[in-house]
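In: A structural model of the following input is requested.
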Amino acid sequence: FTCLTYLLLLTGMLAGCKRIELYELTTKVKINFNIDLDIDVDLDMEVDTKLDPEFAAKVDGVMPEYMQVIFSDSKTNRMQASFILPASGGEVDIRPGDYHIVAYNFGTNSTQTDYVSVMDDALAFTTDITKSMASKLNAQTARETRGYEDDPIIYEPDHLYVANEKNINVPSVLNYNEDVTIHTTASTILDVYSLEVLGVTGCENIEKVEAFITGQIKNNRFGIEERGTDPSTLYVTLKPDAQNNRLYTVFGTFGKLPFAENKVYLDITVTDTGGGQYRYVYDVTDQFDDEKNVNNKLVIIEEIDIPEGNIGGGGLAPGLQDWDNESVDIPLC
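Out: This next block holds a predicted model:
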């Protein structure tokens with residue numbers, strides 16, 4: 001080779017070379033979860049949770065199998081990485097940086113999550129009931145007693161256990177025998193209530209009991225630990241109990257709308273074995289707003305008799321019951 005040829009070859013080799021990282025720098029982070037199953041409701045209404053597993057799930061909680069873990073940029077709150085870990089915790093490899101970490105369970109029956117790419121927008125919600133069910137409610141409920149015709153009617157949410165950790169630094173270099181370990185607690189974002197209607201006779205003639213609870217929150221902005229502000233009506237079902245002459249249930253909600261003028265109506269429709277329907281409406285705002293009601297108990301005392309159903313018979317008996325003059329002793333812990 002001549003010197004000129006050698007210089008040309010060397011120039012070409014240098015021009016074609018570039019620096020390639022052999023691997024992306026990451027740090028191993030250990031995450032330990034504590035799932036708080038302590039639900040703030042006192043189920044002391046003689047319900048055998050073994051016979052009512054859905055009630056047990058609402059009151060005692062259900063340990064999730066897996067948790068979705070999202071690492072977001074601490075300044076923009078935009079998702080940088082996402083992992084699935086067992087509910088007990090585990091290890092992840094993450095690039096060094098400053099993060100906000102949000103973890104939540106998934107795989108629930110009714111509660112859904114969306115918009116998790118930006119934690120400011122992340123929502124937990126449930127779907128609306130069917131149009132036929134919604135039209136049934138609107139046909140039954142008088143405008144002057146409800147006043148919530150435009151609110152969506154949603155299914156009852158399941159527990160979503162959420163953990164939030166702010167300003168977590170993941171360093172690029174660790175000292176010898178040092179690691180990054182995060183201990184966090186995930187708690188439900190729901191309020192849970194027990195509901196009883198006492199003084200009901202003819203429970204053996206009841207086919208089903210449906211109820212609508214107005215003045216509820218539609219969703220939860222769990223990425224920033226805030227309740228939503230959109231209104232909704234909650235659809236729940238009750239069980240007849242002939243032995244104790246009552247209707248009862250346990251339900252979860254994203255919460256009551258936080259406005260002083262907001263009314264909460266309990267709108268119950270009882271369908272007898274012959275297809276007849278009977279409707280009862282109660283104003284339960286005071287019980288929702290009562291600061292002494294620490295066990296979230298809703299109790300209605302009303303003499304209701306459901307007669308034996310006739311095929312093709314029965315009727316609808318709407319009416320708003322005055323609850324202001326009633327008082328119920330609520331035992332406190």
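In: find the nearest non-adjacent residue to residue 282, please.
Out: Spatial nearest neighbour of residue 282, excluding adjacent residues (Cβ to Cβ, 6 or more residues apart in numbering): residue 266 at 4.6 Å. Every C-beta, even on glycine, is put in place using the N, C-alpha and C of the backbone.
In: can you check residue 101 too?
Out: residue 165 (4.4 Å).
In: contact partners for that neighbour?
Out: 100, 101, 102, 182, 184 (Cβ atoms under 8 Å, 6 or more residues apart in numbering).
In: nearest to residue 109, of these?
Out: Proximity of the contacts of residue 165 to residue 109 was ranked by Cβ to Cβ; the top entry is residue 102 with 21.6 Å.
In: so how far is residue 268 from residue 205?
Out: Note on residue 205: its distance to residue 268, by Cβ to Cβ, to the nearest Å, is 15 Å.
In: for the two, indicate the residue with more neighbours.
Out: Using other Cβ atoms under 10 Å, the more surrounded residue of residue 205 and residue 268 is residue 268, with 23 against 19.
In: could you pull out the strands for the stretch 1-150 of the chain?
Out: With DSSP state E, counting those that start in this stretch, the ranges of strands along the stretch 1-150 of the chain come out as 27-35, 66-73, 79-86, 89-94, 97-105, 112-114, 123-125.
In: buried residues in the fifth one?
Out: Meaning strand 97-105. Neighbour-count burial for strand 97-105, with 16 or more other Cβ atoms under 10 Å as criterion, is recorded at 97, 99, 100, 101, 102, 103, 104, 105.
In: paired strands for that strand, with orientation please.
Out: Counting by DSSP bridges, the strands paired with strand 97-105 are strand 66-73 (antiparallel), strand 161-170 (antiparallel).
In: pull the last one out as PDB, backbone CA atoms only.
Out: Output in PDB follows, covering the C-alpha atoms of strand 161-170 (Å, rounded to 0.1, in the frame of the first residue of the first chain):
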ATOM      1  CA  TYR A 161     -56.000  -1.000  46.400                       C
ATOM      2  CA  VAL A 162     -53.600   1.800  45.500                       C
ATOM      3  CA  ALA A 163     -50.200   2.800  46.800                       C
ATOM      4  CA  ASN A 164     -48.500   6.100  46.000                       C
ATOM      5  CA  GLU A 165     -44.800   7.000  46.700                       C
ATOM      6  CA  LYS A 166     -43.500  10.400  45.800                       C
ATOM      7  CA  ASN A 167     -40.000  11.600  44.900                       C
ATOM      8  CA  ILE A 168     -38.200   8.300  44.900                       C
ATOM      9  CA  ASN A 169     -34.600   8.600  43.800                       C
ATOM     10  CA  VAL A 170     -33.000   5.600  42.000                       C
END
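In: and the contacts of residue 165 as JSON lines, adding pLDDT and distance to residue 31?
Out: Listed next are the contacts of residue 165 as JSON lines, based on pLDDT from 0 to 100; distance: Cβ to Cβ, whole Å:
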{"residue": "100", "pLDDT": "97", "distance to residue 31": "14"}
{"residue": "101", "pLDDT": "97", "distance to residue 31": "8"}
{"residue": "102", "pLDDT": "97", "distance to residue 31": "12"}
{"residue": "182", "pLDDT": "94", "distance to residue 31": "5"}
{"residue": "184", "pLDDT": "96", "distance to residue 31": "7"}
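In: what does stretch 121-132 contact?
Out: Contacts of stretch 121-132 (Cβ under 8 Å, 6+ apart): 102, 104, 110-116, 134, 152-157, 160, 162, 189, 218-224, 228, 235, 254.
In: again, only this time at 7 Å
Out: With contact meaning Cβ atoms under 7 Å, 6 or more residues apart in numbering, stretch 121-132 is reached by 110-116, 152-155, 157, 160, 189, 218-223, 235.
In: no further queries at this time; thank you.
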